[in-house]
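Colleague: below is the sequence, then the predicted model.
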Amino acid sequence: MAKVVHLGFLGCGNIGGGVWKLLDAMHDEILQRDGLDIRVERALVKSIPEARTDVPAEILTESAADVLEDPAVEIVCEFMGGEQPAASFMERALRAGKTVVTANKMALALHWHELQAAADQTGAGLYYEASVGGVIPIIRSLTVSLEADRIHRIMGIVNGTTNYILTRMAREGASYADVLADAQRLGLAEPNPAADVEGFDAAYKLSILSSIAFHSRVTVDRIYREGITGVTPEDIAFGREMGYTLKLLAIGKRSGNTVEVRVHPTFLPDSHPLARVDGSLNAIFLHGDFCKDMMLQGRGAGDMPTASAICGDILFAARAVRHTVPSFRNTAETDPALTVTDDWSTRYFIRMKVTDAPGVLARIADVFGQRDISLAAVMQKGSEGEKARLVLITHKARERAVREAIAALDPAIAQVVSCIRVENGEA
Ligand SMILES: NC(=O)c1ccc[n+]([C@@H]2O[C@H](COP(=O)([O-])OP(=O)(O)OC[C@H]3O[C@@H](n4cnc5c(N)ncnc54)[C@H](OP(=O)(O)O)[C@@H]3O)[C@@H](O)[C@H]2O)c1
């Protein structure tokens with residue numbers, strides 16, 4: 001006998017509409033294969049006359065209570081986006097014993113502790129596979145498949161908009177502003193692109209990934225964040241000549257009880273698997289004691305790929321006899337047992353304009369050398385007026401030492417134009 005599963009949607013735009021379409025297309029197959037008869041009871045929108053959806057008008061509502069207080073609704077699917085009221089609606093649903101499926105990285109990253117506490121209190125489930133990497137099954141991989149491993153490093157391309165912009169800048173030598181304007185025209189970037197291009201979206205996702213990978217809550221406010229607005233085609237071209245590709249990476253590393261969590265433009269060797277992830281694709285590369293290196297890649301956005309991950313959560317939740325909770329310490333603040341460092345060690349690409357005179361390079365190398373920073377490569381490339389263009393690649397160095405060295409350079413001989421971190425995927 002089929003089990004009837006009643007869903008309520010909070011929000012029915014791109015993603016809600018995609019989930020509706022997928023459930024409609026797959027209804028009979030899921031019923032036959034899994035014995036689940038999935039039905040959408042109500043769908044909340046801001047304004048019914050302006051709703052952008054194929055969902056039948058009779059199930060649309062403008063009242064959240066119609067979804068949250070309907071005793072027939074067992075699974076609440078949140079596709080509103082934003083922090084509030086999405087987070088408080090999800091908490092109300094969980095406190096009423098309804099399982100929640102969400103694609104909302106912002107509300108989850110900011111209110112995870114309260115949401116999990118509400119779920120624990122009533123035994124309801126909280127599922128969020130689509131909140132990071134769209135269709136890429138990274139949440140279940142980390143919380144179930146790799147649970148017995150010890151993950152030390154995660155590096156992710158988790159924002160399709162910025163990856164699209166950087167890919168086109170690299171291919172066409174175009175400026176950030178021109179590619180962004182084009183992406184906005186094509187609907188690939190929001191009219192207000194700050195959440196993507198300033199790295200906020202990637203930071204929410206890194207908070208989720210590092211919390212579950214390192215089994216300890218890491219909150220968004222502890223993540224170092226730098227977006228792509230300052231990236232120039234010149235940096236990308238210089239990097240390419242030296243064998244590097246530029247990506248906006250979300251990086252989480254754990255060593256003992258110390259973690260580093262950072263989102264910033266990063267040069268990767270061209271041979272690294274992440275360097276070949278182009279356009280709006282997402283990918284997550286990780287390293288664990290036993291799994292060693294592995295990478296998952298796929299569509300990080302789009303209504304139907306995201307709907308595929310969400311519907312996977314819906315079926316998982318519908319079949320669950322008891323809801324499982326990932327094994328991490330879901331504290332209100334970052335787990336007090338962790339030290340979040342801002343003095344990580346990596347390599348650096350430093351581009352500068354320098355006075356073209358004998359002895360200048362030695363003086364620059366001395367400023368770096370005094371702070372234990374050694375140079376792996378130096379490239380001089382033409383000149384601008386009386387200034388030579390110089391690019392240095394350092395060996396591994398401490399972040400603070402590099403900042404100090406840059407501040408200590410004599411501006412009369414050297415001005416730093418850009419400083420970009422370089423990763424090779426190792427510890
Ligand atoms: N788009 C993607 O590719 C993608 C991928 C992964 C995850 N996500 C996540 O999925 C979520 C939804 O994204 P989306 O692209 O579907 O957004 P969207 O197209 O803007 O849809 C949002 C829906 O929520 C409704 N809504 C928003 N605020 C509301 C409020 N205060 N009261 C009632 N209804 C409200 C909107 O109603 P109206 O239509 O009346 O405005 C609309 O139906 C977000 O958390 C996003 O981060 C999206």
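Modeller: Yep, that arrived.
Colleague: confirm that T334 sits in a helix.
Modeller: No: secondary structure of T334 (DSSP: H, G, I helix; E, B strand; the rest coil): coil, not part of a helix.
Colleague: tell me how far it lies from the ligand.
Modeller: 23 Å (C-beta to the nearest ligand atom, to the nearest Å). C-beta here means a position set from N, CA and C on the backbone, and glycine is covered the same way.
Colleague: how many neighbours does that residue have?
Modeller: If you count neighbours by other C-beta atoms under 10 Å, T334 ends up with 22.
Colleague: where are the low-confidence patches of this structure?
Modeller: Counting by pLDDT under 70, not a single residue of the chain qualifies.
Colleague: go ahead and confirm S383 touches V354.
Modeller: No: contact criterion C-beta atoms under 8 Å: S383 and V354 do not qualify, at 9.5 Å.
Colleague: neighbour count for these two, which is higher?
Modeller: Legend: neighbour count by other C-beta under 10 Å for S383 and V354, higher for V354 (20 against 13).
Colleague: so what's the more buried one bridging to?
Modeller: A388, A414 (DSSP bridges).
Colleague: mind listing what it touches?
Modeller: V354 makes contact with 360-361, 364, 387-388, 390, 413-415, according to C-beta atoms under 8 Å, 6 or more residues apart in numbering.
Colleague: quick check: the farthest pair among the residues you listed?
Modeller: Greatest spatial distance in the contacts of V354: L361 and Q415, 14.8 Å, computed using C-beta to C-beta.
Colleague: more neighbours: those two, which one.
Modeller: Legend: neighbour count by other C-beta under 10 Å for L361 and Q415, higher for L361 (18 against 14).
Colleague: now the more buried one: which helix or strand?
Modeller: helix 360-369 (DSSP states H and E).
Colleague: buried sites along that helix?
Modeller: Going by neighbour count (16 or more other C-beta atoms under 10 Å), the buried part of helix 360-369 is 360-361, 364, 367-368.
Colleague: quick one: distance of stretch 149-158 to the chain centre.
Modeller: The chain centroid and the centroid of stretch 149-158 are separated by 12 Å, computed with C-alpha atoms, centre = their mean, to the nearest Å.
Colleague: now check it, is it near the ligand?
Modeller: No: contact of stretch 149-158 with the ligand (C-beta under 6 Å from any ligand atom) is absent, the minimum separation being 10.4 Å.
Colleague: residues of that stretch that come out buried?
Modeller: Across stretch 149-158, burial judged by 16+ other C-beta under 10 Å covers 149, 151-158.
Colleague: follow-up on the earlier one: now for the buried residues of helix 360-369: which two are most distant?
Modeller: It's V360 and F368 that sit farthest apart of the buried residues of helix 360-369, by C-beta to C-beta, at 13.2 Å.
Colleague: run a quick neighbour tally on the closest residue to A194 other than its chain neighbours.
Modeller: In space, and not counting its chain neighbours, A194 is closest to F200: 7.0 Å by C-beta to C-beta, 6 or more residues apart in numbering. For F200, the count of nearby residues is 20 (other C-beta under 10 Å).
Colleague: can you tell me how far the residue in the stretch 1-150 of the chain that the ligand sits nearest to is from G425?
Modeller: Ranked by C-beta to the nearest ligand atom, the top residue of the stretch 1-150 of the chain for proximity to the ligand is G13, at 2.1 Å. In this view, G13 and G425 are 37 Å apart by C-beta to C-beta, to the nearest Å.
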